[in-house]
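Asks: Turn this into a structure:
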Amino acid sequence: MENKSYKGKAFKFGDDVDTDAVIPGTYLILNTPEELSHYTFCGVRPDFVKQVQPGDIVVGGSNFGCGSSREHAPLALIGSQVSCVIAKSFARIFYRNSINVGLPLVECAETDRISDGDILEVDLGAGIVKNLTKNEEYKTVPFPDFLLQIVDDGGLIKHTQKNL
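Replies: Alright, predicted model coming up:
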């Protein structure tokens, strides 16, 4: 399978970013990525929706996506046209929900080296994040081909329909 890569500006967050920070519970009555995107990170970074551009990358520390098990959080990120999320580690349910809706997640131990606004290039298959701003390269946990196929197909439901 060919390597999937993304390039965008980093939006940096810290450790333990919970799903309520990604999309506050007030907005759970909304169900589409487009509707949710208007409120992504509104409680912790109100300017996010005005600044994020298609392809940009969210960067976190440890335990990204902790909290409730709602699919709304990765859907809000997809609606915001975030290409992927890089973090030291992810909450298990958030990880599965993200893959299920087609949002790639990248585990990288060196997210502390990434600053807000850095331009990053992520190669999922090769397991490499290039920080073009700092001229640095970080190793990641390579994204398995079978998960890459699910993400490329737009999530688990679309992947399953395609392969019936």
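Asks: quick one: low-confidence parts of this structure?
Replies: 1-3 (pLDDT under 70).
Asks: how about the strands in it?
Replies: Assigned by DSSP state E, the chain shows strands spanning 5-12, 57-59, 84-87, 105-107, 119-123, 128-131, 136-139.
Asks: From the chain's centroid, how far away is the fifth one?
Replies: Centroid separation between strand 119-123 and its chain, computed with C-alpha atoms, centre = their mean, to the nearest Å, is 13 Å.
Asks: Extract the C-alpha trace of that strand and format it as PDB.
Replies: C-alpha atoms of strand 119-123 as PDB (Å, rounded to 0.1, in the frame of the first residue of the first chain):
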ATOM      1  CA  ILE A 119       4.600  23.200   9.700                       C
ATOM      2  CA  LEU A 120       4.600  19.400   9.800                       C
ATOM      3  CA  GLU A 121       4.600  16.700   7.200                       C
ATOM      4  CA  VAL A 122       3.400  13.300   8.400                       C
ATOM      5  CA  ASP A 123       4.100  10.000   6.500                       C
END
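Asks: which other residues reach it?
Replies: 3-10, 57, 59, 83-84, 86, 106, 114, 128-133, 140 (C-beta atoms under 8 Å, 6 or more residues apart in numbering). Backbone N, C-alpha and C define where each C-beta goes, glycine included.
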